[in-house]
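[1] Let me see the structure of the following:
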Amino acid sequence: MNNLTIFVLIAVVMAVIHIVAAVSRPRPGVIVSGILWCAYLVYEYLIATEVLCDAKCNIRVDLLFFMPILALVTYCAWRSYSGQPAPWKLVGGVLGAIGLVIFALIAESYGYSAVSNVVIVGCIVAYVVYLIRSRRKAKSDPIAPA
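    Sure thing, here's the model as predicted:
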């Protein structure tokens, strides 16, 4: 057991929390956050088992990229789960889409092209559904007098 296993344990705990929250109250922010934590869990496991990085590679500059994104998405998920208005709803959606596209590219690089294609098509479908729903809301809102 090396010193990188603590990151795997933290990722397991956060992924389980998000999965339970997504099952109990399915909200898009919670689901996307759970998916990103699960993707991060897989990444950390591959780092800890020295598949992506050998034993001499202990510089964790990658955390400077991952932790702010995961923290922001977790905050948006918490707001969504608690029913509070999410001022950063768009930020959470964009970060979630970026995370899913990165996951698809990584899956493609390891030869899982079917998984990659499903994730990419899922992102496109989710975007189209979002555009349709936002357009319907814009048409149903009355125009305020000037």
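
[2] Could you double-check that Ser103 lies in contact with Leu41?
    Residue 103: Phe, not Ser. No: using Cβ atoms under 8 Å, Phe103 is not in contact with Leu41; the gap is 11.6 Å. All C-beta atoms are positioned from the backbone trio N, CA, C, and that covers glycine.

[3] Would you confirm that Thr5 contacts Ile47?
    No: judged on Cβ under 8 Å, Thr5 makes no contact with Ile47 at a distance of 10.1 Å.

[4] Report the central residue of the protein.
    Geometric centre of the chain, nearest residue: Leu36, 2.8 Å, by Cα atoms, centre = their mean.

[5] what's the spacing between that one and Asp54?
    Going from Leu36 to Asp54 by Cβ to Cβ, to the nearest Å gives 26 Å.

[6] cool, Ile69 as well?
    Using Cβ to Cβ, Ile69 is found at 25 Å from Asp54.

[7] Which of these two has more residues huddled nearby?
    The residue with more neighbours, out of Ile69 and Asp54, is Ile69; 16 against 8, by other Cβ atoms under 10 Å.

[8] Could you say which helix or strand holds the more buried one?
    Here Ile69, judged by DSSP states H and E, is contained in helix 62-81.

[9] and if you look at Gly111?
    According to DSSP H and E, Gly111 maps onto no helix or strand at all.

[10] That one and Asp54, how far apart?
    Distance from Gly111 to Asp54, by Cβ to Cβ: 21 Å.

[11] now do Gly122
    34 Å.
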